[in-house]
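Novice: Here's my sequence, what's the structure:
(2 chains, ligands or ions: 2)
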Amino acid sequence: MSVRQGFLALLSERPMHGYQLRQEFEARTGGTWPLNIGQAYTTLQRLQRDGLVAPVPDDDEGPERFRLTDAGRAEADAWWLRPVERRAPARDELAIKLALAVTVQPEGHGVDVAAVVQHQRTESLRALRDYTLLKRDAGDDPDGLAWSLVLDSLVFAVEAEVRWLDHVESTVAQAAARRDTPPVTEPVEPAPSDARRSGPDQLARRVRGGAR
Amino acid sequence: MNAPVMLRMTSVTRVHGQGAAEVHALRGVDLEVRMGELVAVMGPSGSGKSTLLNLAGGLDTPTSGTVTVGRDDVGTLDAKARARLRRKHVGYVFQDLNLVPALTALENVTLPLELDGSSARRARAKATAALATVGLDDLADRFPDDMSGGQAQRVAIARALVGPRRLVLADEPTGALDSVTGEAVMRVLRQRVDAGAAGLLVTHDARHAAWADRIVFLRDGVVIDSTGAAAGPDSLLHRAVRA
Ligand SMILES: Nc1ncnc2c1ncn2[C@@H]1O[C@H](COP(=O)(O)OP(=O)(O)OP(=O)(O)O)[C@@H](O)[C@H]1O
Ligand SMILES: [Mg+2]
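Specialist: Numbers count the residues shown, from 1 in each chain, chains lettered A, B, ... in the order given. Ligands and ions are numbered 1, 2, ... in the order given. Below you'll find the model as predicted:
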């Protein structure tokens, strides 16, 4: 997603000038994506260069307003139905930490994986609770709804992390019980199981490579 | 927080079975829930969550240690007094719902009120309102067996929240619910607690546990960790907005 696509979507409602676009963009994304005004004008210039927007002709005084061209309208419509591409996952510090926790054996003692998991889980749940508090206060008006959905996306991401931590914990515990060896010797797959199941080799390589 | 403590568990131990079959379901658990406070309990299957809730609701008594609800030491009450305490003060959503199959949704919700001496008319009015809060006004006359799992679950929640219950205990109340309905149920539970009840919620679902003021983690019958009381969202709000 880019600011570009967001501007096209907003201009599909009505013509706007740069400052208005910036304001609307911030309001509709629940304030989670602040823009500076320079960014807004640069984006508009590029859209004009690419023939997707054009100045409103014979506009009275005030800042110059832009509207979608036919090509711009087609692009705005197409964007909604084009799935967001899953990029190679970012190198996730947490996944790497856990992968190391189950394999590294510092001199004299193993890493207490259960403790690592529990500390992280407590922290993640604290974040989850704070997001939930914010959600409780989000109103039912359109702005509140946008904000609430943005919070939901954060909430679901943390939830997925917590579920993964639960999974790591049980997997390590079961492996330890099965082999009757300390849990630290059992490697776990740091990638979410979904990515593994659905992925062809290529995806697996991207996940492992953690390219970004 | 200075609200009075509604539920207090002190060094609570519960051993099921005996001899070789002995299971230490809880081992020295301390827990307090104040009025206006919602506490979530999380932990793997078999860690003792339902055992904890049964003790808190006076359905079971500890092997050692004490459980106090309001001013009553549950362990010293006789069975009749415990039943009265449960009926009057404790709302309970069981893991297996425990609805009466021969009664309609409305009658299931009305039952605890009538048992407690409400007039039939007043009980009905309150029960109807409780069903409405969980979005089930249309299904008041259905029998539990003719409902979906999530609908039956919401009947059980309405039953737990009806009347002046001061302690609300819920064992996986959102298990069969979709995310939006589950959230609606958490909102209702939260409102009830904000209005002065004390709440104890068992859940596997981190999203729902996040509605609680505090989360307690059980492992093999021991409280291994808990999140502190809410610190306020300011710093996080800042982080979310500036991310
Ligand atoms: N009546 C009983 N007799 C013997 N053992 C019991 C009894 N009730 C529970 N247990 C044992 O006590 C332990 C804790 O059980 P409990 O039902 O409290 O777990 P839980 O955390 O609620 O699990 P779940 O998430 O699966 O509901 C388990 O090992 C269980 O087998
Ligand atoms: Mg249970």
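Novice: Going by C-alpha atoms from here, please, whenever you check contacts or count neighbours.
Specialist: Fine.
Novice: Checking the residue nearest the centre of chain B next. Helix, strand or coil?
Specialist: Residue closest to the average C-alpha location in chain B (C-alpha atoms, centre = their mean): B:L169, at 1.5 Å. Assigned with DSSP: H, G, I helix; E, B strand; the rest coil, B:L169 falls in the strand class.
Novice: Pretty sure it sits against B:L53.
Specialist: Yes - the criterion here is C-alpha atoms under 8 Å, and B:L169 meets it with B:L53 at 6.7 Å.
Novice: what sits in contact with each of those two?
Specialist: Counting by C-alpha atoms under 8 Å, 6 or more residues apart in numbering or on different chains, the contacts common to B:L169 and B:L53 are B:L200.
Novice: what's near enough to touch the closest residue to B:L85 other than its chain neighbours?
Specialist: Computed as C-alpha to C-alpha, 6 or more residues apart in numbering or on different chains, the closest residue to B:L85 that is not its neighbour in sequence is B:G58, at 7.9 Å. By C-alpha under 8 Å, 6+ apart, the residues touching B:G58 are B:74, B:82-83, B:85-86.
Novice: Of all residues in chain A, which one is closest to ligand 1?
Specialist: Ranked by C-alpha to the nearest ligand atom, the top residue of chain A for proximity to ligand 1 is A:D166, at 13.1 Å.
Novice: Out of the contacts of B:G58, grab the one that's most surrounded.
Specialist: B:V74 (24 neighbours; other C-alpha atoms under 10 Å in any protein chain shown).
Novice: Enumerate the residues of chain A near ligand 1.
Specialist: Counting by C-alpha under 6 Å from any ligand atom, chain A comes close to ligand 1 at no residue.
Novice: in chain A, which spans are helices?
Specialist: For chain A, the helices defined by DSSP state H cover A:3-11, A:18-28, A:37-49, A:70-81, A:93-101, A:113-137, A:142-179, A:193-198, A:201-209.
Novice: Chain B now?
Specialist: Ranges of helices within chain B are B:49-56, B:79-89, B:105-115, B:120-133, B:149-161, B:179-194, B:206-209, B:234-242, based on DSSP H.
Novice: Tell me which of those helices sits nearest to B:D220.
Specialist: Among these, the nearest to B:D220 by C-alpha to C-alpha is helix B:49-56 (9.7 Å).
Novice: and that closest one, what does it pack onto?
Specialist: Helices and strands touching helix B:49-56, by 3 or more C-alpha pairs under 8 Å, 6 or more residues apart in numbering or on different chains; DSSP states H and E, are strand B:5-16, strand B:23-34, strand B:64-69, strand B:167-171, strand B:198-202.
Novice: Restricting to C-alpha, output that helix in CSV.
Specialist: Extracted as CSV, the C-alpha positions of helix B:49-56 are listed here (Å, rounded to 0.1, in the frame of the first residue of the first chain):
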residue,chain,number,x,y,z
LYS,B,49,-8.4,-23.2,35.8
SER,B,50,-11.8,-24.8,36.2
THR,B,51,-10.8,-26.1,39.6
LEU,B,52,-10.0,-22.6,40.7
LEU,B,53,-13.3,-21.3,39.4
ASN,B,54,-15.3,-24.0,41.1
LEU,B,55,-13.7,-23.2,44.4
ALA,B,56,-14.3,-19.5,43.9
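Novice: tally of neighbours for residue 2?
Specialist: Answering for chain A, as no chain was given. Around A:S2 there are 7 residues (other C-alpha under 10 Å).
Novice: that's the wrong chain, I meant chain B
Specialist: Number of residues near B:N2 (other C-alpha under 10 Å) recorded here: 6.
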